[in-house]
Structure formats: structure tokens, C-alpha cells
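1. Provide a 3D model corresponding to the input given below.
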Amino acid sequence: MDSTDFTVLNLIFVCRIILASHGHCDGGGYHIIRLDSIKSDISLLEITENNFRMGKVNFVTRGGGLAGSLGHTPTATPTSRTPIHGPINQSVARPGTAEAPAKCNLREIHHHPPGLDNIPNGAESHVGVVYAPIEHLRDSQFVGELLVGTPGQKIKPLFDTGSANTWIISTECNLPTCKKVPQFDPFKSKTFRRNELKDMLTVYFGTGMIMGHFASETVEFCGTILNDQNIALIQYQGPSDRGANSSNIFEKLKFQGLFGLAFPEMSATGDTVFQNFVKKRNLTPEFAFYISPTNLKPSFLLIGGVDRRFYEGELKMAQVVRKHYWEVALTQLWVGDTMLCCENEQDSTILREESDQNNDAQSTIEKSYVIVDSGTSFNSLPHRDYERFIKLVPSIPAASFSADKIASYPTIKYVLGDIVLKLKPTDYMVLHDGFYRAGFIQIDIPSQFGRAYILGSNIFMKRYFTVFRHAHNGNPPMIGFAESKGSWV
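-> A predicted model of the protein is given here:
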């Protein structure tokens, strides 16, 4: 199946995964965990560990996720995509805008600082970087701001590198979980157009689902107006069986929508907001996340380039293995002196370019890879590695905490070719309910491509300034990593 998505949205994670009896991930012995006892995002760490110890394996099937970019009904066909080319349209003020857009600064800052232009496959220097503010929700969900419709209605969607569609909560959803957040009202917009030719977009995930329809609408992002932007409006969110006794995960969230940043090949709605924004602003097709250590300092999504003030050391680039998720090959994974992953795995080549019309593209199977996902708070491990991991990095009571104790915990190293990414105990240990726990959850992603290891926003992307570069000027798509500065001002 080529319909794929697995982004784990914090609390959504528990209902999105299927908790199967160990060894029965092929469809038998399913157990679904209810969310009644969940109090915070960090409680997922306790839940996943406790259930693993009871012999249950968490797994997500590709194509069955909340943010499901292509997790739609089989008859829903994507619209044709137009290449990014043509004249540059200048942004102008839209009459009748009801709310002021987020302040996004456009500054003339070099794409790469001096000394970094010799990066393999590096793009040329240019000017023009857009800084989109990121708001922390519960210090685990990172959202931006859109104005949707004419006049504009403010929506704060989650920036999500694990999906490509833009989902918006609409007033056509009359459920209490929808009404508790700002909703987009299409009847108040002069530019709304429902797409009657396309089927409903339906995404199932564990015990829940969302449903909506395709539409085109005026969308404003960072002061730039995108006319006739394809989006998906949420009309239903809740339990998939809609039973009276079903647990509704959206009662735990203030979910307003998704701003998909994955590859457009995943999009069910055609050209993405990011694609059209980059085209209209004439920017290099790349973006980067700077997530500050706390919500007391500003965080930004940078579009069109990078800014040296947000990171230190060298920005190192790794080539994306396939234009789907933002994923790169994992060479080794170490917990202290113990190698968890990738020993004796066969070398494989990297897919550089996919054929647009023919099926003669070079096939690639990566045994192991990492997926950088801003929609997931924590890092993840497949069950075979998680079993060893919780023995190497056990939870400890807060009463037993000391500087010496935490210093005795291992450094975790991800090796991506010649790139080594380290997480110290102070990076990955989190306090919850009287215990310090490692910010890792267990997820298996059954796939013909091999094992996936998620690098999430709260544990990894706060530590590393992360750059997502689309194919450009004959160079392949890449992900860049550099140590993030704790304070940049």
C-alpha cells in the first residue's frame, strides 16, 4: 500500500497505535488502551513501558494515522500537481481581514554562513529567510498560525513533518471537542469553495477517526496570501464506532488542525501550503526548526534558509532515502557502550530520484532508518530494542535523583553515516509522577522498508537545530543537523 502516515500526535498516540499481544502484530490478539487515565503527554512514557512489560507491543501500520496524508478512502483521488515555476506573485494586503496575521520577519540573511558552502550537495547562498513564530502548547505540541478565508479566521495548526495535508477544524463539526477550540466557519468566508467532485477524506487510527471534505480557500501564512489553496475541513473527530461508551481522545486535546510539512508525494489534496508559499515568496524550498528549551524563549520555523544565531558548530547534511517521510539511513544506535541497532545489516544504496511516470525507479530497502517527526513528542524504538533499552536506562524515583546519579546514565548516540548525534541524560530524561523516565516510547512500524526510529520534537529537536531541504538545483533532498543554541538573543 502506498498510502502512508504514522505521525504520533502526543496524546493521540495511545489511540492511534494498536496494542497487540507480543508476537501477534500480524492482526491477532488486539488490545486497545483507553485514555481515561491519561493526565499528560509524559504519561505516555509510563503507559508504553508498563504495557510492554505485560507483553504488549505498540505498532502503527503505515496508512493508519490521524494525520493520514494518504490514509483516505480508496476512491479519493488527489488533484494534479503543478510544478513550482512561473512568475512570482507579490503579496498584497487582503481587504476585510478580520484578524492580524502572526508577525513573520523577512530578513536578508545568508543561507549558509561562511565556511559552510562546501557541504556536499549544499545549496548556494541566497538572501531571504522567513521566520514563522512557533507557540508551545503544554511544551510538547508546537503550533503556528494561519488565517483561513475572507475575511481571515485565525487557526493554530500543529507544524507536522510527518504528514503533508493541511487539516482545519470547521463549524460543520458540532461535537463538543470541536466547539472547545476556534473553528473555521466557511459560511463567513467570501472565497470558500467546496470540492464536490472529491470523496470525503476519512482517516482511521486505533479507536478513533477524523472525517472531512476537500475544499479550496484563501489561506494567509506569514502575511502571504495563497488563493485557491487545497485544504481538508474536519467535520467529525472521535471514536471510530461512535458508540456511547467509546473513549474520545479529542477530549484531552485542543486540536485545531495540522500544517503538513512532509513531501508533497504524500498529499491527498494536491499542492501543499508549504509548496505554494515557497513559490509565491520565491524562496529556496527548505525549512528549519528552532525549538527553544522552554516556552519562555521564542521558537521559530525558518523558511527559505537558516540562521547561524540558532545553532553552533557545523551544520551536517544527510541524504533522504525516499521522498516520503523525512527519513535518513541509520548506521548505528548506541546506548552507552551497547549497540542497539544495525550491526551486520547489509549496505544499501540511496534513492536519488524517483521516476514521475515510469516504474523503473531504483528500488531501495533500508534495513534501519530514522524519521524526524515534529508531530511526535518523544523518540521511539522498535520492540526488540526497547526491551534492552529499558534495562539500560531504567526509570528512577525522583527522591533518588542526584547529579551524580543522572551523570551515571549513558549517552545515546545515533550514527548516520559520518554524522554522530548525541543525547545526554539531561536531554532525554523527563520528570513525571515522581519518577525520572527516558523520553522514549516503543513503536513498531511494520514495513517493507525496514525498521523506523522516530526522532521527536521534545526530546530530539530541542537539542538539535534541524533543517529539511527539498530537492533543489539538481541536488537530492537532505536533512541537516547542528547543535541548537539554548539562548540565541
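2. where does the stretch 301-450 of the chain dip in pLDDT?
-> Regions of the stretch 301-450 of the chain meeting the criterion pLDDT under 70 cover residues 344-366, 446-448.
3. how about the strands of it, start to end?
-> Secondary structure of the stretch 301-450 of the chain (DSSP state E, counting those that start in this stretch): strands located at 311-319, 327-329, 332-335, 338-341, 368-373, 379-381, 396-397, 412-416, 419-423, 429-432, 435-438, 440-442.
4. So which of those is nearest residue 131?
-> Using C-beta to C-beta as the criterion, the shortest distance between residue 131 and the strands of the stretch 301-450 of the chain is 14.5 Å, found for strand 311-319. (Glycine included, C-beta is placed from N, CA and C.)
5. That closest one vs strand 412-416, what angle?
-> Compare the direction of strand 311-319 with that of strand 412-416 by axes from the mean of the first three to the mean of the last three C-alpha atoms, to 10 degrees and you get 50 degrees.
6. what about the helices in the stretch 151-300 of the chain?
-> With DSSP state H, counting those that start in this stretch applied, the stretch 151-300 of the chain shows helices at 176-179, 273-281, listed in chain order.
7. and of these, who's closest to residue 468?
-> Distance to residue 468, taken as C-beta to C-beta, is lowest for helix 273-281 among the helices of the stretch 151-300 of the chain, at 9.7 Å.
8. for the chain, which strand is longest?
-> When the chain is scanned for its longest strand (criterion: DSSP state E), the result is strand 224-239.
9. Any buried residues in that strand, and which?
-> Across strand 224-239, burial judged by 16 or more other C-beta atoms under 10 Å covers 224-226, 229-239.
10. Adding distance to residue 326 and pLDDT, write those out as JSON lines.
-> Putting the buried residues of strand 224-239 into JSON lines (distance: C-beta to C-beta, whole Å; pLDDT from 0 to 100) gives the following:
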{"residue": "224", "distance to residue 326": "23", "pLDDT": "95"}
{"residue": "225", "distance to residue 326": "27", "pLDDT": "97"}
{"residue": "226", "distance to residue 326": "22", "pLDDT": "97"}
{"residue": "229", "distance to residue 326": "22", "pLDDT": "96"}
{"residue": "230", "distance to residue 326": "21", "pLDDT": "94"}
{"residue": "231", "distance to residue 326": "22", "pLDDT": "94"}
{"residue": "232", "distance to residue 326": "21", "pLDDT": "92"}
{"residue": "233", "distance to residue 326": "26", "pLDDT": "93"}
{"residue": "234", "distance to residue 326": "24", "pLDDT": "89"}
{"residue": "235", "distance to residue 326": "29", "pLDDT": "89"}
{"residue": "236", "distance to residue 326": "29", "pLDDT": "85"}
{"residue": "237", "distance to residue 326": "26", "pLDDT": "80"}
{"residue": "238", "distance to residue 326": "29", "pLDDT": "77"}
{"residue": "239", "distance to residue 326": "31", "pLDDT": "72"}
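11. any idea which of these is closest to residue 419?
-> Using C-beta to C-beta, residue 224 comes nearest to residue 419 of the buried residues of strand 224-239, at 33.3 Å.
12. Would you confirm that that closest one contacts residue 277?
-> Yes. Under the criterion of C-beta atoms under 8 Å, residue 224 lies in contact with residue 277, with a separation of 5.8 Å.
13. Tell me the confidence at residue 178?
-> At residue 178 the predicted local distance difference test score is 89.
14. Nearest residue to it in space, please, no chain neighbours.
-> Across the structure, with C-beta to C-beta, 6 or more residues apart in numbering as the measure, the residue nearest residue 178 apart from its sequence neighbours is residue 169 (5.6 Å).
15. What number of neighbouring residues does that neighbour come out with?
-> By other C-beta atoms under 10 Å, the residues close to residue 169 number 26.
16. According to the record, where do the domains of this structure fall?
-> Residue ranges for the structural domains of the chain, counted by the TED database, are given in the record as 130-283, 309-344+365-488.
17. isn't residue 266 right next to residue 326, touching?
-> No. If you go by C-beta under 8 Å, residue 266 and residue 326 don't touch, sitting 10.6 Å apart.
18. returning to that earlier point: which of the strands of the stretch 301-450 of the chain sits closest to residue 150?
-> When the strands of the stretch 301-450 of the chain are ranked by proximity to residue 150, the top entry is strand 368-373, at 33.0 Å, counting by C-beta to C-beta.
19. Show me what that closest one pairs with in its sheet, parallel or antiparallel.
-> Each strand that pairs with strand 368-373, with its direction, by DSSP bridges: strand 327-329 (antiparallel), strand 451-456 (parallel).
20. looking at the domains of the chain, which is buried most?
-> Ranked by mean neighbour count under mean count of other C-beta atoms under 10 Å, the domains of the chain are led by domain 130-283, which reaches a mean of 21.
21. pLDDT on stretch 464-474, on average?
-> Mean per-residue pLDDT for stretch 464-474: 96.
22. Just the C-alpha atoms of that stretch, please, in CSV.
-> What follows is stretch 464-474 as a C-alpha-only set of coordinates in CSV (Å, rounded to 0.1, in the frame of the first residue of the first chain):
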residue,chain,number,x,y,z
TYR,A,464,19.3,19.8,17.5
PHE,A,465,18.5,22.6,15.1
THR,A,466,17.1,20.6,12.2
VAL,A,467,16.9,21.6,8.5
PHE,A,468,14.6,20.0,6.0
ARG,A,469,15.8,20.6,2.4
HIS,A,470,13.8,19.6,-0.7
ALA,A,471,15.5,18.6,-3.9
HIS,A,472,16.8,21.7,-5.5
ASN,A,473,19.2,22.7,-8.3
GLY,A,474,19.9,19.0,-9.1
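23. follow-up on the earlier one: residue 313 versus the residue nearest to residue 178, what's the distance?
-> Distance from residue 169 to residue 313, counting by C-beta to C-beta, to the nearest Å: 40 Å.
24. again with residue 261
-> Remark: distance between residue 261 and residue 313 (C-beta to C-beta) = 25 Å.
25. one step back: distance-wise, check the residue nearest to residue 178 relative to residue 288.
-> Applying C-beta to C-beta, the value for residue 169 to residue 288 is 27 Å.
26. partners of the residue nearest to residue 396 when sequence neighbours are not counted in the sheet?
-> When the adjacent residues along the chain are set aside, residue 396 lies closest to residue 436, with 5.1 Å between them (C-beta to C-beta, 6+ apart). Here residue 436 sits in beta bridges with residue 396, residue 431, going by DSSP bridges.
27. rewinding a little: please name the residues that touch the residue nearest to residue 178.
-> In this structure, residue 169 makes contact with 155, 178, 181-184, 233-234, 237, 255-257, judged by C-beta atoms under 8 Å, 6 or more residues apart in numbering.
28. Pick out whichever of those residues sits closest to residue 210.
-> Within the set of those, residue 237 lies nearest residue 210; the separation is 4.6 Å, counting by C-beta to C-beta.
29. so who does that closest one touch?
-> Contact partners of residue 237, counting by C-beta under 8 Å, 6+ apart, are 169, 173, 175, 177-178, 208-211, 250, 255.
30. What distance do you get for residue 382 to residue 313?
-> 30 Å.
31. Also residue 284?
-> 22 Å.
32. what do you get for residue 478?
-> When C-beta to C-beta is applied, the distance between residue 478 and residue 313 equals 17 Å.
33. what's the answer for residue 138, then?
-> According to C-beta to C-beta, residue 138 and residue 313 sit 30 Å apart.
34. Before I go, just wanted to say thanks for your time.
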